[in-house]
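Asker: Turn this into a model:
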Amino acid sequence: MRDKRLDVAVIGSVGIDTNVYLPGADIDFEVEANFTENLDYLGQAGGYASRGYAQLGKRAAFIGYVGDDYQGRFIRGELAGDGIDTTGLFVDPLGTNRSVNLMYRDGRRKNFYDGKGHMWLQPDLDACRAVLAEAALAHFNLPNWARHLLPVARELGLTLACDIQDVVSVDDAYRRDFIGHADILFCSAVNYPDPTPLIKTFLRANPDQIVVVGMGAEGCALGTRDGVRFFPAVDMDAPVIDTNGAGDGLAVGLLTSYVLDGYSLADSVWRGQIAARYTCTQKASTSGLIGMEQLDAYFGELGSEE
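Answerer: As a prediction, the model looks like this:
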């Protein structure tokens, strides 16, 4: 892998997230005004993932879109400041992606996503190919335009990881391309209290696939041709204050460990969970994600688990 200029290329959405922190248990719809704490920051799956790899010392590139606007210029500067290659950061004429996340006191969220032009954008395949050719790992998120790069990454021989997020149905046509191309598939169990049937369906279609399902406070599930294994959540002294980016932390921690650093799959799941749990301690920020020294220290406290 070290003959490549990059370790990983992240393909996905980046934008400005506005987190609205509710002072009470829920919105009071009986009144016109709710007084909240509203914080803006560089977020979304591509933001969390690319900055997560950079914080772990990996040579990362980001392929995606921002607007020719204040938010887009801010994002370009932040990514460049992290040492992330932005050769493949293109311009969306509709502007920079935005999300509003209503944040509950226990860290849960309700997300309202504005993906701007992601349904019809057509990436420059030659420019993207040049970036992907320099990487060993391609980490895909779900903007519609990203599906055009799946066969390019496959042709170039990269390890493909796809995060299909809060999947509702295995028959979802929108996610079909991402599921079919993934060597390592990530998703959330938010719609599946028991993700075992979901995992088994994926594995019947592709027995060689590795399936990782984040289960929040319940930990995560790992599916391979050897079966389904459940991992409990890891504990930290710091409280859960913001669950945004937890799934991205799981993916980044696992993929860094397993694909790039050669840890066993089981140990990589633990390391991914550590990264996810640490992400939940960060309030409206992708600037302080876990570093390698911290990850190694937390993992050392757990001990190796085969």
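
Asker: Grab the nearest non-local neighbour of the residue most central in space within the chain.
Answerer: Centroid-nearest residue in the chain, with Cα atoms, centre = their mean: D248, separated by 2.7 Å. Leaving out its chain neighbours, the residue that sits closest to D248 by Cβ to Cβ, 6 or more residues apart in numbering is Y48, at 3.7 Å. From N, CA and C alone the C-beta is placed, and that goes for glycine too.

Asker: cool, and V212?
Answerer: F186 (5.0 Å).

Asker: mind checking the SS state of the one you found?
Answerer: Three-state assignment for F186 (DSSP: H, G, I helix; E, B strand; the rest coil): strand.

Asker: Could you double-check that L254 sits in contact with G272?
Answerer: Yes: with contacts counted by Cβ atoms under 8 Å, L254 reaches G272, the gap being 3.2 Å.

Asker: circling back: check contacts around the residue nearest to V212.
Answerer: A161, C162, D163, I164, V212, V213, G214, G247, L250, A251 (Cβ atoms under 8 Å, 6 or more residues apart in numbering).

Asker: What residues sit buried inside stretch 260-277?
Answerer: Neighbour-count burial for stretch 260-277, with 16 or more other Cβ atoms under 10 Å as criterion, is recorded at 260-261, 263, 265, 267-277.

Asker: quick one on the thing from earlier: need the pLDDT of the residue nearest to the centre of the chain.
Answerer: Per-residue pLDDT puts D248 at 97.

Asker: which phi and psi does it have?
Answerer: phi -70, psi -40 (degrees, to the nearest 10).

Asker: So it sits against S50, correct?
Answerer: No: D248 lies out of contact with S50 (Cβ under 8 Å); the separation is 9.4 Å.

Asker: can you list contacts of the one helix or strand in the chain whose mean pLDDT sits lowest?
Answerer: Taking mean pLDDT, DSSP states H and E as the measure, the chain has strand 109-114 as its least confident helix or strand, at a mean of 91. Around strand 109-114, the neighbours that count as contacts under Cβ under 8 Å, 6+ apart are 15, 19, 97-104, 242-244.

Asker: Mind giving me the ChimeraX command for buried ones among the residues you listed?
Answerer: One line in ChimeraX is enough to select the buried members of the contacts of strand 109-114, burial here meaning 16+ other Cβ under 10 Å:
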select :15,19,97,98,99,100,101,102,103,242,243,244
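
Asker: Tell me which two of the contacts of strand 109-114 sit farthest apart.
Answerer: Farthest pair in those (Cβ to Cβ) is N97 and Y104. Separation: 22.9 Å.

Asker: can you give me the angle the longest helix along the chain makes with strand 184-188?
Answerer: Ranked by residue count, the top helix of the chain under DSSP state H comes out as helix 265-279. Helix 265-279 and strand 184-188 meet at an angle of 40 degrees, taking axes from the mean of the first three to the mean of the last three Cα atoms, to 10 degrees as the criterion.

Asker: Helix or strand: which one has L102?
Answerer: Assessed by DSSP states H and E, L102 sits inside strand 97-103.

Asker: ok, that strand: who's next to it in the sheet?
Answerer: Looking at strand 97-103 with DSSP bridges, its partner strands are strand 15-21 (parallel), strand 109-114 (antiparallel).

Asker: got the ones you listed as CSV, with distance to D171 columns?
Answerer: Listed next are the strands paired with strand 97-103 as CSV, based on distance: least, Cβ to Cβ, whole Å:
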stretch, distance to D171
strand 15-21, 29
strand 109-114, 22
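
Asker: most packed of those strands?
Answerer: Comparing the strands paired with strand 97-103 by mean neighbour count (mean count of other Cβ atoms under 10 Å), strand 15-21 comes out on top with a mean of 21.
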